[in-house]
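Asker: Here you go, sequence then predicted model.
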Amino acid sequence: MKNNTVITDNTDRTTAEYLRSIDTEGALIVTDANVERLCLPRIACLRDIPRVTITPGEEHKTLASAEQIWEALERVQARRNSLLINVGGGLITDLGGFAASCYKRGIRFLNISTTLLADVDASSGGKTGVNFGGLKNQIGVFSWPEATIIGTDMLDTLPQAEVLSGYGEMLKTGYIADASLVESLEAVAVAGVTVERLRSLIGRCTEIKRSVVEADPKESGLRKILNFGHTAGHAFESLLIKRGTPLPHGICVAYGMMTALILSHIRLGLPSEILSRHARLLRATMPAIAFTCDDYPALLGFMHSDKKNDDTSVRFTLLRNIADPVTAQSIDDEEIRTSLDITRDYLGI
Ligand SMILES: NC(=O)c1ccc[n+]([C@@H]2O[C@H](COP(=O)([O-])OP(=O)(O)OC[C@H]3O[C@@H](n4cnc5c(N)ncnc54)[C@H](O)[C@@H]3O)[C@@H](O)[C@H]2O)c1
């Protein structure tokens with residue numbers, strides 16, 4: 001496992017320095033159309049490298065897009081030691097990392113992250129993959145980039161919903177590992193969530209992610225703490241997709257954390273004051289989501305279909321307290337329904 005992550009406010013200079021240190025013959029850039037338009041013109045050192053551009057959107061995180069990358073690699077006559085340069089958010093780093101790891105049984109790849117969510121979560125950690133059969137990340141491999149460049153200067157053009165999505169994952173990182181990070185993020189909520197206010201906290205989030213992944217690279221135990229908020233969060237995300245009103249991943253995770261905090265209080269005695277603080281923060285920062293008890297069967301269905309669960313119970317990562325997570329807590333449907341009721345009470349929905 002390689003761990004070569006650099007945070008920079010000058011992506012062009014850092015990338016140029018990195019590329020000078022390696023052989024770039026046969027290199028190919030993978031990006032999406034938004035990043036091509038908004039970010040690539042600001043990374044001049046990549047100008048002369050051929051590129052393949054994927055249509056933005058989670059529905060394009062597919063084997064067909066991976067095939068597009070493999071065809072482009074053939075066109076540039078990539079060799080076993082060629083470099084794939086993924087420039088984009090988590091979609092591109094997951095997809096490009098996967099395509100690189102399968103091509104000729106694995107070529108090197110570099111991630112240049114351009115979203116807050118990818119900065120703090122997706123661009124490092126070695127999970128790569130595509131969606132398949134209606135399930136997220138169903139096909140994929142653990143595979144590590146040669147290096148990850150976190151280009152915080154790229155965040156200036158990020159839509160606010162994507163900033164909030166990254167903010168949701170930053171909060172998760174705080175809850176599982178660092179009470180003072182949670183406090184800093186709460187202060188940002190009061191002042192207003194902006195890239196400017198979050199920039200200085202990115203480094204702490206990447207440090208925490210790195211230490212968790214180093215201890216358990218392939219998620220046999222400890223790494224499951226990174227799934228805090230994701231069990232209910234994925235279910236909310238899937239429900240909204242089904243309704244045709246999707247919201248970015250990290251926003252759904254922020255709502256999923258409300259449900260997980262409630263279960264943590266019921267099961268493990270997490271202080272109730274933390275639940276109120278999170279509810280206040282959600283109301284102050286996040287776009288509202290609405291669901292009723294009529295949605296519970298669908299939400300439970302999504303939770304049971306998650307790779308980690310079976311028919312009888314759903315596994316949650318919960319907290320005894322902030323920075324004291326407990327993984328693999330089996331929760332039955334009745335407890336989940338209760339926690340969804342209480343989630344609605346806290347949020348007034
Ligand atoms: N591998 C992991 O550990 C891991 C962890 C979390 C999430 N993920 C994956 O990451 C993906 C979500 O990542 P994401 O939130 O970065 O989404 P994304 O890559 O789809 O980017 C979100 C949107 O922002 C646009 N964009 C990217 N950079 C921009 C910029 N600088 N300015 C303006 N627009 C920009 C994109 O074109 C896209 O429309 C999901 O597929 C998820 O499964 C992976």
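Answerer: Looks like it came in fine.

Asker: For the closest residue to residue 97 other than its chain neighbours, pull up the helix or strand it's in.
Answerer: Closest residue to residue 97 apart from its sequence neighbours, by C-beta to C-beta, 6 or more residues apart in numbering: residue 128 at 3.3 Å. In this view, the C-beta of every residue, glycine as well, is placed from N, C-alpha and C. In the assignment (DSSP states H and E), residue 128 maps to strand 127-132.

Asker: Quickly run through the sheet partners of that strand, with directions.
Answerer: Using DSSP bridges, the strands paired with strand 127-132 are strand 135-142 (antiparallel).

Asker: What about residue 184, how many residues nearby?
Answerer: Neighbour count for residue 184, taken as other C-beta atoms under 10 Å: 17.

Asker: for the longest helix belonging to the chain, packing partners?
Answerer: Taking DSSP state H as the assignment, the helix of the chain that covers the most residues is helix 249-268. Secondary-structure packing of helix 249-268 (3 or more C-beta pairs under 8 Å, 6 or more residues apart in numbering; DSSP states H and E): helix 160-177, helix 230-243, helix 272-285, strand 314-321, strand 324-331, helix 333-347.

Asker: on that earlier part again, got the CA positions of the strand holding residue 128 in CSV?
Answerer: Extracted C-alpha coordinates of strand 127-132, given in CSV (Å, rounded to 0.1, in the frame of the first residue of the first chain):
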residue,chain,number,x,y,z
LYS,A,127,-11.1,1.4,-2.9
THR,A,128,-11.8,1.5,-6.6
GLY,A,129,-14.7,0.3,-8.6
VAL,A,130,-17.9,0.8,-10.7
ASN,A,131,-21.6,0.3,-10.1
PHE,A,132,-23.2,-2.8,-11.5
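
Asker: circling back to that earlier point, mind checking which of the helices and strands packed on helix 249-268 is nearest residue 207?
Answerer: The minimum distance between residue 207 and the helices and strands packed on helix 249-268 falls on helix 160-177, with 9.2 Å, by C-beta to C-beta.

Asker: who touches the following helix or strand past the closest one?
Answerer: Next along the chain after helix 160-177, taking DSSP H and E as the criterion, comes helix 179-191. The contact list for helix 179-191 (C-beta atoms under 8 Å, 6 or more residues apart in numbering) reads 167, 170-171, 173-175, 194, 197-198, 201, 204-205, 208, 277, 281, 284-285, 322-323.

Asker: redo that, cut-off 7 Å
Answerer: Applying C-beta atoms under 7 Å, 6 or more residues apart in numbering, the contact partners of helix 179-191 are 170-171, 173-175, 197-198, 201, 204, 277, 281, 284-285, 322-323.

Asker: what does the protein have sitting close to the ligand?
Answerer: Residues of the chain lying near the ligand by C-beta under 6 Å from any ligand atom: 32, 34-35, 38-39, 56, 58, 61, 88-92, 94, 114-115, 117-118, 121-122, 125, 127, 136-137, 154-155, 157-158, 162, 165, 248-249.

Asker: Provide the count of other residues in contact range of the residue of the stretch 201-349 of the chain found nearest the ligand.
Answerer: As assessed by C-beta to the nearest ligand atom, the ligand sits closest to residue 249 within the stretch 201-349 of the chain, at 5.3 Å. Using other C-beta under 10 Å, the number of residues around residue 249 comes to 23.

Asker: ok, now residue 276?
Answerer: For residue 276, using other C-beta under 10 Å, the count is 12.

Asker: in the helix or strand hosting residue 91, what's buried?
Answerer: Counting by DSSP H and E, the element that carries residue 91 is helix 90-102. Within helix 90-102, the residues that count as buried by 16 or more other C-beta atoms under 10 Å are 90-102.

Asker: again, but for stretch 186-199
Answerer: Per 16+ other C-beta under 10 Å, stretch 186-199 contains these buried residues: 186, 188, 189, 193, 195, 197, 198, 199.

Asker: That stretch: how far from the chain's middle?
Answerer: Chain-centre distance of stretch 186-199: 19 Å, with C-alpha atoms, centre = their mean, to the nearest Å.

Asker: For PyMOL, write the selection for the buried entries among the residues of the chain next to the ligand.
Answerer: The PyMOL command for the buried members of these (criterion: 16+ other C-beta under 10 Å) is given here:
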select buried, resi 32+34+35+39+56+61+88+89+90+91+92+94+114+115+117+118+121+122+125+127+136+154+155+158+162+165+248+249
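
Asker: Sketch out the low-pLDDT regions of this protein for me.
Answerer: Low-confidence segments of the chain, defined by pLDDT under 70: 1-3, 307-311.
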